[in-house]
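Asks: sharing a model that was predicted from the sequence below.
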Amino acid sequence: LSERTQAPRGTFDVLPDEEPAREAIVREAQRILGSAGYRRIETPIFEATELFARSVGEATDIVRKEMYTFDDGGGRSVTLRPEGTAPVCRAYVEHGMHKLAQPVKLWYLGPFFRREAPQKGRYREFFQVGAEALGSDDPAVDAELILLLADLLDAIGASARLRLSSLGTPDTRAAYRERLTAYLREHEDELSPDVRERIDLNPLRAFDASDRGTQRVMAGAPRLFDVLNDDDREHFEAVTAMLDDADLRWELDPSLVRGLDYYTRTVFEFESPDLGAQSGVGGGGRYDGLVEQLGGPPTPGCGWAAGIERMLLAAAAQPTPVDGVDLFVAFAKPHYRREAMRIANEVRQAGLHAQLELAGRSLKGQLKQADRIGARYVAILGDEGAQLKDMQSGEQHEVEVGALPAAVLRQRPGG
Ligand code: ATP
Ligand code: MG
């Protein structure tokens, strides 16, 4: 017996039974984002490695150890995209979108890749739906984006808690970073080795650490939120006022740091109690320096991404509509197969769902199959012409083969 190849670790197949629930989420996202004027953008699955190194940040987990990076065979280093904001910003710059009316509101959907330790809700290939608004620093942009994600989670029946904070501007952050670094140095021996190693590189990340010792130290650490300048504080208050107007519940969490370097001002995360350890369903924030950092004009931006698999775990099971089969074309002898094919094609072209026997079953087996797939009607082709059987009433009558499509159409509700 030869060894079977399996799907790579941390990846999954989406089987047909699982598609409807995913499609329902995607449909809701499309509807909700579309209703606010967000338009879909698609960017490549891989990008130049430097795009992520420069934007996500050299000191982040993603860039340090989670990227699928390889030589493209021509001496260029490329990386499977670990996130969607940097690619969208790259496209914004590349296509001169700053010349359009601002903000440019975009959404995306697709696979993303991070080499993480696989667990429930954490995969190496996962799907995200995301939204980005580029070209305005108006707090209404932040509030609108947050409300849209809240709407999406609500629409799919996921209950989630919203945590919110502000990281201020790069200047505030730089000054704060020095204070925090000094504080961490004072408590160096109580920190986990991983955090200690990155005190200078990425001190804010210590807030995210999972070990007790570090968490104890961080509970007493100076907080960025407390040293925001007046503009940033005002911006934050304007955002939260609009969330309050919409009756959206939120909690201030000054320890909220996101795993990417490009955030400024607003950061937020929706957390579901149904997810266990991988509690983040979606999150995002403002990134006012990113476009410029990628070679574009100074352009503020804000956005979020939410994981499809996490949303599925957090969502209430929705009734999935079954795709009704209008007609199954059965035949008594193989001789009628071509006729069956012709009829099935014709009925499909008339806009109906038709299937025909494809596995050489006996007539009895074919009727069983028709029942199994829930066919409303069965056409039985035989030497005495065609019979049309109503699978609901069991009634059966002769029809002219040429009149079959019309007969099925006529029998349909509204037909
Ligand atoms: P986490 O805290 O769970 O590691 P994150 O902060 O790395 O999440 P983001 O980079 O903000 O997540 O990505 C946005 C969303 O994408 C997350 O809220 C989550 O729903 C989803 N996501 C991120 N990483 C994964 C993964 N490895 N597998 C499945 N979904 C993921
Ligand atoms: Mg992560």
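Replies: Structure's in. What do you need? Ligands and ions are numbered 1, 2, ... in the order given.
Asks: flag the shaky bits of the protein, pLDDT-wise.
Replies: Judged by pLDDT under 70, the chain has its weakly predicted residues at 259, 321, 411-415.
Asks: which residues in it form helices?
Replies: 19-34, 49-55, 61, 85-94, 139-155, 170-186, 193-197, 212-219, 230-245, 290-293, 308-314, 337-349, 363-372, 404-411 (DSSP state H).
Asks: so which of those helices is nearest G394?
Replies: Closest of the helices of the chain to G394 is helix 363-372, at 11.1 Å (criterion: C-beta to C-beta). For glycine as for every other residue, the C-beta is placed from the backbone atoms N, C-alpha and C.
Asks: what's the closest of the helices of the chain to A117?
Replies: It's helix 61; of the helices of the chain, that one is closest to A117 (C-beta to C-beta) at 11.2 Å.
Asks: contacts only, for the residue in the stretch 201-350 of the chain that ligand 1 sits nearest to.
Replies: In the stretch 201-350 of the chain, no residue comes nearer to ligand 1 than G307, which is 2.6 Å away by C-beta to the nearest ligand atom. Applying C-beta atoms under 8 Å, 6 or more residues apart in numbering, we find G307 in contact with G121, F126, F127, Q128, G280, V281, G282.
Asks: ok, how many other residues are close to the closest residue to ligand 1 within the stretch 1-150 of the chain?
Replies: For the stretch 1-150 of the chain, the residue closest to ligand 1 is F126, as judged by C-beta to the nearest ligand atom, at 3.4 Å. The number of residues packed near F126 is 19, by other C-beta atoms under 10 Å.
Asks: how much space separates it from P405?
Replies: Going from F126 to P405 by C-beta to C-beta, to the nearest Å gives 44 Å.
Asks: what's the answer for A306, then?
Replies: 44 Å.
Asks: who does the most centrally placed residue in the chain form a beta bridge with?
Replies: In the chain, the residue lying closest to the centroid (C-alpha atoms, centre = their mean) is Q128, at 2.3 Å. Beta-bridge partners recorded for Q128 (DSSP bridges): G110, G307.
Asks: give the contact list for the closest residue to H397 other than its chain neighbours.
Replies: Among residues not flanking H397 along the chain, L388 sits closest, at 6.2 Å (C-beta to C-beta, 6 or more residues apart in numbering). Shown in contact with L388 (C-beta under 8 Å, 6+ apart): Y377, V378, A379, I380, Q396, H397, E398, V399, L404, A407, V408.
Asks: put the buried members of those into a ChimeraX selection.
Replies: To isolate the buried subset of those in ChimeraX, counting by 16 or more other C-beta atoms under 10 Å, use the following:
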select :377,378,379,380,399,404,407,408
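Asks: distance to T69 added to the contacts of L388, as a markdown table?
Replies: A markdown table is the format used below for the contacts of L388 (distance: C-beta to C-beta, whole Å):
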| residue | distance to T69 |
| --- | --- |
| Y377 | 55 |
| V378 | 55 |
| A379 | 56 |
| I380 | 59 |
| Q396 | 64 |
| H397 | 66 |
| E398 | 67 |
| V399 | 63 |
| L404 | 58 |
| A407 | 60 |
| V408 | 55 |
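Asks: same list, the contacts of L388, but as CSV with distance to ligand 1 please.
Replies: Below are the contacts of L388 laid out as CSV (distance: C-beta to the nearest ligand atom, whole Å):
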residue, distance to ligand 1
Y377, 44
V378, 44
A379, 46
I380, 49
Q396, 52
H397, 54
E398, 57
V399, 52
L404, 48
A407, 49
V408, 44
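Asks: so which of the contacts of L388 are in strands?
Replies: Under the assignment DSSP state E, the contacts of L388 contribute Y377, V378, A379, I380, Q396, H397, E398, V399 to strands.
Asks: could you check how far R115 is from S136?
Replies: To S136, R115 is 35 Å away according to C-beta to C-beta.
Asks: er, T11 I mean
Replies: Look at T11 and S136: by C-beta to C-beta, they are 38 Å apart.
Asks: so for the two, which sits in the more crowded spot?
Replies: Counted by other C-beta under 10 Å, T11 and S136 do not tie: S136 has more neighbours, with 17 against 14.
Asks: for the closest residue in space to the more buried one that isn't next to it in sequence, what are its contacts?
Replies: Nearest residue to S136 in three dimensions, chain neighbours excluded: P103, at 4.0 Å (C-beta to C-beta, 6+ apart). By C-beta under 8 Å, 6+ apart, P103 lies in contact with A133, L134, G135, S136, D138, V141.
Asks: list phi and psi for P103.
Replies: When quoted as degrees, to the nearest 10, the phi and psi of P103 stand at phi -80, psi 150.
Asks: look up how far T299 lies from it.
Replies: Going from P103 to T299 by C-beta to C-beta gives 9 Å.
Asks: also I308?
Replies: Applying C-beta to C-beta, the value for I308 to T299 is 28 Å.
Asks: the more surrounded of these two?
Replies: T299 (24 against 20).
Asks: how many residues are close by the spatially closest residue to the more buried one that is not a sequence neighbour?
Replies: Nearest residue to T299 in three dimensions, chain neighbours excluded: V291, at 3.8 Å (C-beta to C-beta, 6+ apart). By other C-beta under 10 Å, the residues close to V291 number 25.
Asks: then the one 3 residues further on?
Replies: Neighbour count of L294, defined by other C-beta under 10 Å: 20.
Asks: same thing with V195?
Replies: Using other C-beta under 10 Å: V195 sits among 23 other residues.
Asks: report the contact partners of it.
Replies: L184, R205, A206, A209, D211, T214.
Asks: could you identify which of those residues has the most neighbours?
Replies: Most surrounded of these: other C-beta under 10 Å gives A206, at 26 neighbours.
Asks: what about that one, distance to G283?
Replies: Relative to G283, and taking C-beta to C-beta, A206 is found at 19 Å.
Asks: circling back: now the ones in strands among the contacts of L388 in JSON lines, with distance to A246?
Replies: Output for those, formatted as JSON lines (distance: C-beta to C-beta, whole Å):
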{"residue": "Y377", "distance to A246": "49"}
{"residue": "V378", "distance to A246": "53"}
{"residue": "A379", "distance to A246": "54"}
{"residue": "I380", "distance to A246": "59"}
{"residue": "Q396", "distance to A246": "58"}
{"residue": "H397", "distance to A246": "59"}
{"residue": "E398", "distance to A246": "62"}
{"residue": "V399", "distance to A246": "58"}
